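Asker: 3D, please:
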Amino acid sequence: MSEENEKDPIGKALNLQPINSIKTGIEAAIQADSDDVIHARRNIKDLIYRGSSSLEDLLEVAKASEHPRAYEVAANLIKTLVDANKELAELKFKEDKISNEKFVDNRSINNYTFVGSTSELLKLMKKTDTIEHDDE
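Answerer: Down below sits the predicted model:
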């Protein structure tokens, strides 16, 4: 049990963790995810580099032999490299998302205040009503 739990008799009785330690655990999980993404990006970059150099050699073999199978293999390698580049871009997007992730308060707002006249409110309600009918 943590020191903060000792100060909080209710938390101690219910065996609850303080929110600070929960946030620290979440931050550690986000950091671990970020490290995994960085490692995966390094691997994909290495595979793209090796695949690109192999593609050059493969295209030379295909030109020299003029064999359809050699061109088929080259086309498959090109497709694989394109897919790897797409995956690399997606991982970069995910890495940025993880590094920019903040703790979001999941509370919802149930009460709204409208400032305006009743005619303005009716106009807004009519707009909303027509939008909902268009979706159906």
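Asker: Name the helix or strand for T113, please.
Answerer: Following DSSP states H and E, one finds T113 outside all helices and strands.
Asker: swap in Y49?
Answerer: Going by DSSP H and E, Y49 is part of helix 19-65.
Asker: tell me the average confidence for the helix or strand where N76 lies?
Answerer: When secondary structure is defined by DSSP H and E, N76 falls within helix 68-99. In this model, helix 68-99 carries a mean pLDDT of 87.
Asker: Now do the buried residues in that helix.
Answerer: For helix 68-99, a neighbour-count test (16 or more other C-beta atoms under 10 Å) marks A70, Y71, A74, L77, L81, A84, L88, L91, K94, E95, I98 as buried. C-betas here are computed from N, CA, C, even on glycine.
Asker: TSV for those, including distance to T113?
Answerer: Listed next are these as TSV, based on distance: C-beta to C-beta, whole Å:
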residue	distance to T113
A70	71
Y71	68
A74	65
L77	61
L81	56
A84	52
L88	47
L91	43
K94	38
E95	40
I98	36
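Asker: Thought D96 was touching I38, still the case?
Answerer: No: counting by C-beta atoms under 8 Å, no contact exists between I38 and D96, whose distance comes to 11.6 Å.
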